[in-house]
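K.L.:
What would the 3D arrangement of this be:
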Amino acid sequence: MKKLATTLLLLATVASASAGGLMTNTNQSAAFLRSISRGTSLDPDAVYHNPAGTVFMADGWHLGINNQMAWQNRQTESTFAGFAQGVGNDGPTKTFKGKVSAYIIPSFHLVWKKNRWAVMAGMGVNGGGGTVKYADGLASFERRYAVLPTAVTKFGEQFGLSADRYAMNMNVKGTLLTFAVQAGVAYRINDWLSVAAQLRLGIVANAYKGYMKDIRINPPCSNPLLPPKNGSMIPAAPFFQEVADKLQQMGMTDLAKEVRTNADSTGDHYLDVEQSGTSLSPVVALAIHKGKWDATIKYEFKMPTEAKIKSGAVSAKDDVVNGIFLDGAKVKSETPALLAVAVSRWCGPVKISAEWHHFFDKDADNSFKQNGTVKGNTNEYLIGAEWRISDRWLVSAGYQQTCYDLRSKNYSDLNFVTPSFTVGFGAAYQVSKCLRLNLGTMSTFYDKVTNDDQKNGFKDVYYRTNSVVGVGLDFKF
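P.N.:
All right, here's what the predicted structure looks like:
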């Protein structure tokens with residue numbers, strides 16, 4: 001039963017529908033969605049993407065308000081012989097689907113610029129922001145119970161006991177949210193060089209809910225010494241408990257103990273757990289703004305978050321669930337450090353931007369590292385273009401390639417994060433001298449991954465899609 005709690009923990013770590021590394025959202029504005037590469041931005045979202053560049057903005061107040069909506073579909077097509085014995089299953093191949101939805105992913109950026117100085121503050125969803133729902137459970141979990149009929153038949157050979165069908169009811173949901181509030185200052189050293197420093201407060205709020213219940217089998221029994229059964233679907237837990245008691249009476253203590261373990265694992269279990277924690281980490285940056293050229297370098301230190309577990313009344317009394325999500329315990333949920341380097345140039349009315357992100361995943365203690373998935377660090381390559389087609393209209397597009405360094409042998413329907421590419425496009429409209437509207441959308445396309453685990457007798461094909469739309473308003477006072 002440890003698998004139930006572990007499943008939900010991992011589900012929550014991938015409940016994100018974002019651009020960025022394993023744990024990080026880099027899509028912090030609608031302008032990002034439409035142009036992807038924002039490392040040299042001189043708009044309000046520079047608070048996140050280019051903090052040192054804020055001193056090259058016009059004197060005065062700059063405010064950006066944004067919201068994004070994201071959808072992700074996750075699918076596992078699993079082939080396992082035991083699935084053919086499941087009630088309602090159509091053969092040994094079964095498709096399990098998970099849906100992620102996030103309708104409110106807000107961000108807020110504020111800059112006050114005066115001469116050589118800029119003071120800034122920002123808020124945004126730095127990680128997660130979505131809820132993943134598996135209405136019919138997961139392949140990796142159902143496989144554990146798809147073997148029950150075979151196990152009962154093998155165990156019961158000497159007792160005239162067998163089974164050839166199973167059924168179960170499972171529903172899991174995980175929500176992950178890492179909210180970041182950051183504030184800092186920037187200073188222009190000379191006409192073309194500036195530096196910045198920020199302090200970031202990270203706030204983690206995760207929630208896991210789910211159940212595994214109604215596990216049933218159909219064990220006809222012809223042994224008069226054991227409980228008589230006619231082969232109809234019955235609850236598995238009381239059946240195993242009943243058989244264990246009979247075996248104990250027959251003096252078969254070791255076998256009774258083994259069967260009683262099955263009774264515990266096939267009972268009903270409910271999960272209602274929250275995790276929360278905070279951390280402080282610095283951000284430092286440097287920017288160059290000279291003529292038509294801009295270049296920046298930014299380093300976000302690791303967010304060393306430690307989350308405290310709070311278990312609901314029901315799950316706290318469940319020895320199995322509380323054995324993993326111990327009420328009051330703390331777990332590591334660190335966001336890796338990020339090094340971002342960007343350069344851009346205006347070519348007439350067109351701005352061309354290129355960027356590189358390096359996430360230090362190996363140094364961050366979180367679920368991806370704990371389950372052995374992380375082999376090396378993540379690299380991203382971004383390029384974008386913005387074209388001012390008139391005084392009021394700007395159109396843009398961008399591309400991002402994300403390259404993870406993970407151990408493919410550890411891929412499962414719980415933690416498959418595969419190489420991907422993202423495309424985005426959109427427009428900006430200058431409503432007035434003081435107000436600009438940003439509209440953007442992006443879609444991420446992931447590689448399909450196959451895990452052909454012949455040792456454990458299954459073959460999984462993993463796939464997912466991701467789409468985000470956003471709207472933002474940039475104010476200048």
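K.L.:
Val284 against Ile297, yeah?
P.N.:
No - judged on CB atoms under 8 Å, Val284 makes no contact with Ile297 at a distance of 9.1 Å. Yep, even glycine has a C-beta here, placed from its N, CA and C like the rest.
K.L.:
Look up the closest residue to His357, ignoring the ones flanking it.
P.N.:
In space, His357 comes closest to Glu380 once its chain neighbours are excluded; the distance is 3.9 Å by CB to CB, 6 or more residues apart in numbering.
K.L.:
could you say what helices and strands the helix or strand encompassing that neighbour packs with?
P.N.:
If you go by DSSP states H and E, Glu380 is part of strand 378-388. Here strand 378-388 touches helix 30-35, strand 350-359, strand 393-403, going by 3 or more CB pairs under 8 Å, 6 or more residues apart in numbering; DSSP states H and E.
K.L.:
now the strands for the stretch 1-150 of the chain?
P.N.:
60-80, 93-114, 117-134 (DSSP state E, counting those that start in this stretch).
K.L.:
residues near Lys154, how many?
P.N.:
For Lys154, the number of neighbouring residues by other CB atoms under 10 Å comes to 11.
K.L.:
what's the answer for Met442, then?
P.N.:
28.
K.L.:
hmm, back to that, looking at the helices and strands packed on strand 378-388, which one is packed in the most?
P.N.:
helix 30-35 (a mean of 30; mean count of other CB atoms under 10 Å).
K.L.:
Distance from that helix to the middle of the chain?
P.N.:
How far helix 30-35 lies from its chain's middle: 21 Å, per CA atoms, centre = their mean, to the nearest Å.
K.L.:
how about the CA coordinates for it, as PDB?
P.N.:
Provided in PDB are the C-alpha atoms of helix 30-35 (Å, rounded to 0.1, in the frame of the first residue of the first chain):
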ATOM      1  CA  ALA A  30       1.500  36.800 -21.700                       C
ATOM      2  CA  ALA A  31       4.500  38.500 -23.400                       C
ATOM      3  CA  PHE A  32       6.500  35.300 -22.800                       C
ATOM      4  CA  LEU A  33       3.800  33.200 -24.500                       C
ATOM      5  CA  ARG A  34       3.900  35.300 -27.600                       C
ATOM      6  CA  SER A  35       7.700  35.600 -27.900                       C
END
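K.L.:
which helices and strands does that helix pack with?
P.N.:
When contacts are defined as 3+ CB pairs under 8 Å, 6+ apart, helix 30-35 sits against strand 60-80, strand 378-388, strand 393-403, strand 420-432, strand 435-446, strand 458-476.
K.L.:
chain center to the first one: distance?
P.N.:
This points to strand 60-80. 10 Å.
K.L.:
Show me what that strand is packed up against.
P.N.:
Checking 3+ CB pairs under 8 Å, 6+ apart, strand 60-80 ends up next to helix 30-35, strand 93-114, strand 117-134, helix 139-146, strand 458-476.
K.L.:
if we go to 10 Å?
P.N.:
helix 30-35, helix 46-49, strand 93-114, strand 117-134, helix 139-146, strand 435-446, strand 449-453, strand 458-476 (3 or more CB pairs under 10 Å, 6 or more residues apart in numbering; DSSP states H and E).
K.L.:
So which bits of the third one are buried?
P.N.:
Translated: strand 93-114. Residues 94, 96, 98, 100, 102, 105, 107-113 are the ones in strand 93-114 that count as buried (16 or more other CB atoms under 10 Å).
K.L.:
And the last one, by the same measure?
P.N.:
Neighbour-count burial for strand 458-476 flags 458, 460-464, 466, 468-474, 476 (criterion: 16+ other CB under 10 Å).
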